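Enquirer: Compute the structure for the input listed below.
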Amino acid sequence: MRLPLPATTGARRPPGRLLPRPLPAPPGAVAPHSVQGLARAGPGRALGARLGSRLCLVARGGPRPAHASPRGPARTAAPLGCPPWRGRGRYLDVGCGSGGALGVAQALGWHVAGVEVDEAAAKKARRFSERVHVGDLLGARFEAGEFDVVTALHVLEHVPDPVGAVRRMLEWLAPDGLLIVEVPNAGGLGASLFGRAWSGLELPRHLSHFTPATLERVVGQAGGRVVWCWHQAKPRYYLWSLGFWLRDRGLAGPARVAEWRPVYGALKLFLELTLPVARWVGRGEVIRVGVERAAPQHSIPRGTTPHPALSPEGRGG
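Expert: Okay, here's the model as predicted:
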C-alpha cells in the first residue's frame, strides 16, 4: 500500500526529510531482504560472480589505482561490481546485503568487511568475511582509518541521521581513502514527472531524499568533499513509477498491461535508448558520488591549482 504524502509535497517538492519522523526501529523490525533476493545469493551465484570478476581482472591486467578522471572510478567499478583499487585494498560495504559485492571484491584481492541490518542476509555475507556487523552502522566497531574504500549504496536515505552516518564512515577511511555513496535523485527527471508516484520515495522506508546539491551539503557538514558525481538512468525505476502513477488514478488495467513482459520489455528498451539524455544533463534517477575527507582550509595554499577531479571541468554529472 502506498502512503499519502504531506499536503506540501508535490511534483516539484524540495528534497528533505520525512516528517513526522518514525520512531527508530530495532534491527529485528527492519523489513528483511526479499526471499527471492536471498535465494539468488546462493553459492552458485557467488561462484559465478567470482569467476566473472577473475576473467575481467585478467583482461584488465590486474588491479589498478583509481584513475584521476572523476568518471574513471564509476566506470571502472561497473564491469567489476566493486570499486577501483585503492591503497592496501581494504574494503567496507555498508549495507552489504547478502555479500554480493564482498564476494566479487574478495576474488579481486580485497580484504573485505560489511555492515548489514538484516540478520539473514548478513549470515550469507559471512561466507566472504567474518567481519560483518549486524545492526546500525553507528554501532559498528571499526578502527579509525581502517579502510581504503567504504561504499554505502542506497543506505543514506534509510538512516535517521545522514550527516552522522557520513561522518562515521569518513572516520573509518584511511587518509587517502574514498567513500562512495549512492542514493535516489529527488532532483531527477523521474521525480519531476511522477511526483507523488515517484518510486524513489518509498515511504516510510526512505527517511530522507537528496539532490546532488543537498547530498553535497550533507557530505560537507560531515567533514567530507565530493570529488566526482555520476548520474544513472535506471529505466526500471521509471516503469515502477509509471505503475504507481496509473494505479493512483484507478487505472489498474493499463498498469497490468505495462507490466506484461513483452510490453515491459519494449518500454524498457525504449527508455534504455532515450534516458541517457537525462543522465548527461544531470537529471538521472540515481546519483553516485565519490567522497574524500575535506582538507583543513589552512593547509591549501593560495593559488594552488585544483586536482582535475575537483575542477569545474572535471566534475561529472
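
Enquirer: And the helices in this protein?
Expert: Secondary structure of the chain (DSSP state H): helices at 35-40, 43-60, 71-80, 100-107, 119-125, 162-171, 189-194, 212-221, 235-248, 252-259, 261-274, 276-280.

Enquirer: Out of those helices, the one nearest Ile287 is which?
Expert: Minimum separation from Ile287 across those (Cβ to Cβ) falls at helix 212-221, 5.5 Å. For glycine as for every other residue, the C-beta is placed from the backbone atoms N, C-alpha and C.

Enquirer: just checking, what packs against that closest one?
Expert: Contact here means 3 or more Cβ pairs under 8 Å, 6 or more residues apart in numbering; DSSP states H and E; on that basis helix 212-221 packs against helix 162-171, strand 173-184, strand 224-232, strand 286-293.

Enquirer: Next up, the contacts around Ala197.
Expert: By Cβ atoms under 8 Å, 6 or more residues apart in numbering, the contact list for Ala197 reads 2, 241, 244-245, 248.

Enquirer: mind checking pLDDT for it?
Expert: If you check Ala197, the pLDDT there is 87.

Enquirer: just Val166 next, same as before
Expert: So Val166 comes in at 96 (pLDDT).

Enquirer: that older thread, could you find the lowest-pLDDT member of the contacts of Ala197?
Expert: Arg2 (38).

Enquirer: Tell me if I'm right that Tyr238 and Leu275 touch.
Expert: Yes: between Tyr238 and Leu275 there is a contact at 7.2 Å, judged by Cβ atoms under 8 Å.

Enquirer: What count of nearby residues applies to the nearest residue to Gly243 once chain neighbours are set aside?
Expert: The shortest distance from Gly243 to any residue other than its chain neighbours is 4.8 Å, reached at Ala255 (Cβ to Cβ, 6 or more residues apart in numbering). Neighbours of Ala255 under the rule other Cβ atoms under 10 Å: 17.

Enquirer: Verify the contact between Ala255 and Arg247 for me.
Expert: Yes: under the criterion of Cβ under 8 Å, Ala255 makes contact with Arg247 at 5.1 Å.

Enquirer: list residues touching both of those two?
Expert: Common neighbours of Ala255 and Arg247, counting by Cβ under 8 Å, 6+ apart, are absent.

Enquirer: related to what we said a few turns ago, most neighbours, which of the contacts of Ala197?
Expert: These, ranked by neighbours (other Cβ under 10 Å): first place Ser241, 21 neighbours.

Enquirer: quick one: it and Val155, what's the gap?
Expert: Spatial separation of Ser241 from Val155 under the definition Cβ to Cβ, to the nearest Å is 21 Å.

Enquirer: picking up where we left off before, pick out the shakiest of the helices of the chain, pLDDT-wise.
Expert: Looking at the helices of the chain, the bottom one is helix 35-40 with a mean of 39.

Enquirer: picking that back up, out of the helices and strands packed on helix 212-221, which is closest to Arg126?
Expert: helix 162-171 (20.9 Å).

Enquirer: what about His206, how many neighbours?
Expert: Neighbours of His206 (other Cβ under 10 Å): 19.

Enquirer: tell me the contacts of it?
Expert: 18, 157-158, 184, 200.

Enquirer: What separation do you get for it and Thr274?
Expert: 26 Å.

Enquirer: go on, Gly290?
Expert: 27 Å.

Enquirer: Return the residues in contact with Ala295.
Expert: Arg225.

Enquirer: Please tell me how far it sits from Val227.
Expert: In terms of Cβ to Cβ, Ala295 sits 11 Å off from Val227.

Enquirer: And Arg126, what's its pLDDT?
Expert: Arg126 is given a pLDDT of 94.

Enquirer: Backbone torsions only: list them for it.
Expert: phi -70, psi 0 (degrees, to the nearest 10).
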